[in-house]
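# Dropping the sequence and predicted coords here.
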Amino acid sequence: MFIVTAKEMYDMDRLAMQEIGLDGKLLMENAGRAVAWKVMRKISQTDKICVLAGAGNNGGDGFVIARTLLDHNYHVEVLQVVPNDKVTGDAYDHKRIYEKCGGQVVPYETGSIQMVKEADVLIDAMIGIGIKGEVREPFASLISLINAEQSYVISVDIPSGVPADEGGESFHAVQADYTIIIGAPKQSVFLPYTASYYGEWEVVSIGLPTFIFKRLTSKGMWQLEDVKKTLPKRQLFDHKGNHGRGLIIGGCKEMPGALSMSVQAALKSGAGLIMGASSLPVIQMIAGNCVEATYSALSATDGYLDNHSEINLDSYDAIAIGMGLGRKECTKDLVKYVIEKATCPIIIDGDGLYHLSQLLPQINERTHPSVITPHPGEMAMLLGVSVRELLKQPFQYAKEFATAYRVYVVLKGRYTIVTSPEGVQMVNPTGNPGLAKGGSGDVLTGIALAMVMQKQSLLQALSNACYIHGMSADLLVQHQHSEHDLLATDVINGITDVYRTISSSG
Ligand SMILES: NC(=O)C1=CN([C@@H]2O[C@H](COP(=O)(O)OP(=O)(O)OC[C@H]3O[C@@H](n4cnc5c(N)ncnc54)[C@H](OP(=O)(O)O)[C@@H]3O)[C@@H](O)[C@H]2O)[C@H](O)CC1
Ligand SMILES: [K+]
């Protein structure tokens, strides 16, 4: 599924109209009817429905929705929030068709507030992706009124007032219960400041051909069907070497568990062979947790790894470094060594990212792929901006970093964004607040290593890793766990259920 900015959506419309002859009125008809069918699934024929229509094409969709509902014997009226002369073009044409089919349009005036108060269902077709600046009157007051009422609120394309793109932080907007998105989700669906306004959401197709999306956007949402198509398969005559050899370097005296979780997660997700490298005390502490792995004991000073010359980086399909490594100068040397010498894909996480801020020229020099898996705090540190600033524009910042340093960036969050060095971005939809806990990142890195080792495109491998990680947490919370008690080790065990679910769902 593609993700778009407002500009990309307008460019697609233009292309559809000018190059292939899908005109605006037809797209509006497709949009309105597709939305109406979704609406009918949610409401009952006895509900009193009020469609709030603005002047633009979002309002135009509202007239098509109202006409379709009327035709199916729903009790519907349109409250037109703007004067008649503001409704023009395709929206005007659809308003006329609605009226000719017997539809009622009530002009906005103070008395029509009653209409809003009496409605069981409010359909918000006031403003869509065409919003500019802060909402003006009477929209601002209406939004306050809608948000104060108990009625069920369905927004068309986007809750009125919410910006389509990233960058906004404060706005006055409709709080929808359900949003039916037209054509493709906009960036704001996935952003911390805007996501919650959408409520439950769904996307409807309006007949724009796929090649138009492919031509104009390089952002998408990774879905179960993508996982099924791209996940490494196990063949009858496979041996462990077919599923990759991976090296995981991490752990220090205060954080032995980080390495343990990455090792376990990598093997559980399908890695052929995993070598864990750490100090002897760390290995002695964790080896019993995962007897299937092999371990390499490295020298340490005061509990921190201190000698990179002992590590053999050859003959691995991928290497992960940084989980629980510690932030000492000697551990920085280790990260530098791996960045400079590894001739396979590397994944840098945890304390490795802390050191990376001083190793950016070295990462730029690499001729083999590099992956970083920062949470927003680590990403902000690497970019030299505040977390707040980063979270306003995570798509933009992740892309800037990925393209500047030619790395794959896995920016972790409720909707993790995977960005390739070419700037292609994939959003992961799975996961829940149960993952906001120590150890989650170590598990993700282990899964990512297993995927990267198994010869897929790296963007696919990393998107699959995020999907599996989040899906494990989702299945666990649906069944035996809650978002409160979920532990990172539960998420490792939950990978079993993820694979069983994926393979049984055809
Ligand atoms: N391919 C598609 O995605 C299709 C989408 N459709 C729908 O069209 C809208 C986008 O339509 P557009 O006409 O470009 O814009 P909107 O309807 O979202 O908004 C324009 C109107 O809103 C007013 N406006 C703008 N900013 C404000 C504000 N801050 N306060 C109050 N009012 C505002 C604006 O008024 P002006 O006086 O400024 O002109 C316009 O009246 C998309 O979201 C989909 O719903 C198509 O139907 C099918 C194809
Ligand atoms: K809207």
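Great, that's in hand. Ligands and ions are numbered 1, 2, ... in the order given.
# Can you get me a residue count around the nearest residue to S315 once chain neighbours are set aside?
Once flanking residues are discounted, S315 sits nearest to R245: 6.5 Å by CB to CB, 6 or more residues apart in numbering. For the C-beta atoms, the positions are set from N, CA and C on the backbone; glycine is no exception. R245 has 19 neighbouring residues, counting by other CB atoms under 10 Å.
# Return the residues in contact with R245.
Applying CB atoms under 8 Å, 6 or more residues apart in numbering to R245 gives the contacts G272, L273, I274, M275, S315, Y316, D317, M453.
# How much space separates it from Y316?
Going from R245 to Y316 by CB to CB, to the nearest Å gives 5 Å.
# who touches both of those two?
M275.
# Now do the buried residues in stretch 218-230.
S218, K219, G220, M221, W222, D226, V227, T230 (16 or more other CB atoms under 10 Å).
# Wait, the third one touches V4, no?
Meaning G220. No: counting by CB atoms under 8 Å, G220 does not reach V4; the two are 9.8 Å apart.
# who's in contact with the closest residue to ligand 2 within the chain?
At 4.2 Å from ligand 2, S160 is the closest residue in the chain, using CB to the ion. Taking CB under 8 Å, 6+ apart as the contact definition, S160 lies against G54, N58, D124, M126, I127, G128, I131, V135, F139, I143, A173, V174.
# L142 is in contact with the fourth one, correct?
Yes: the criterion here is CB under 8 Å, and M126 meets it with L142 at 7.1 Å.
# So for the two, which residue has more residues nearby?
Between M126 and L142, M126 has the larger neighbour count (other CB under 10 Å), namely 30 against 24.
# quick one: contacts for that one?
When contacts are counted by CB under 8 Å, 6+ apart, M126 is found next to L52, A53, G54, N58, G59, V81, F139, L142, S160, V174.
# Likewise for I154?
By CB under 8 Å, 6+ apart, the contact set of I154 is V39, K42, V121, L122, I123, D124, A176, D177, Y178, T179, I180.
# next one: T419
So T419 contacts A398, K399, F401, A402, Y408, V409, L411, Q425, M426 (CB under 8 Å, 6+ apart).
# let's see 6 Å
Shown in contact with T419 (CB atoms under 6 Å, 6 or more residues apart in numbering): A398, K399, A402, V409, Q425.
# one step back: list the ones among the contacts of S160 that fall in strands.
If you go by DSSP state E, those have D124 in strands.
# now, which of the contacts of S160 sits nearest E29?
The nearest member of these to E29, counting by CB to CB, is N58 at 14.5 Å.
# now that we're looking at the residue nearest to that closest one when sequence neighbours are not counted, how far away is I182 from it?
Spatially, and ignoring its direct neighbours in sequence, N58 is nearest to G128 (3.2 Å; CB to CB, 6+ apart). Applying CB to CB, the value for G128 to I182 is 8 Å.
# Which residues are in contact with each of these two?
D157.
# and the stretch 151-300 of the chain, which residues reach ligand 1?
Residues of the stretch 151-300 of the chain found near ligand 1 (CB under 6 Å from any ligand atom) are V156, D157, I182, G183, I206.
# Now do the contacts for the first one.
Pointing back at V156 there. V35, D61, A125.
# rerun that using 10 Å as the cut-off
Applying CB atoms under 10 Å, 6 or more residues apart in numbering to V156 gives the contacts 31-32, 35-36, 39, 51-54, 58-59, 61-62, 64-65, 123-128, 176, 179-182.
# With the fourth one instead?
With contact taken as CB under 10 Å, 6+ apart, G183 is in contact with 2, 4, 9, 12-13, 16, 27, 30-31, 34, 129, 157, 203-208, 212-213.
# Let's see that with 6 Å instead.
I206, L208.
# cool, and the second one?
Contact criterion CB under 6 Å, 6+ apart gives G128, I181, I182 as the residues in contact with D157.
# Show me the beta-bridge partners of the second one.
So that's I181. With DSSP bridges as the criterion, I181 is bridged to V203.
# re earlier: among the contacts of I154, which lie within helices?
V39, K42 (DSSP state H).
# And the contacts of I154, which of them are buried?
V39, V121, L122, I123, D124, A176, D177, Y178, T179, I180.
# confidence score at the nearest residue to S463 once chain neighbours are set aside?
In space, and not counting its chain neighbours, S463 is closest to W222: 4.1 Å by CB to CB, 6+ apart. W222 carries a pLDDT score of 98 in this model.
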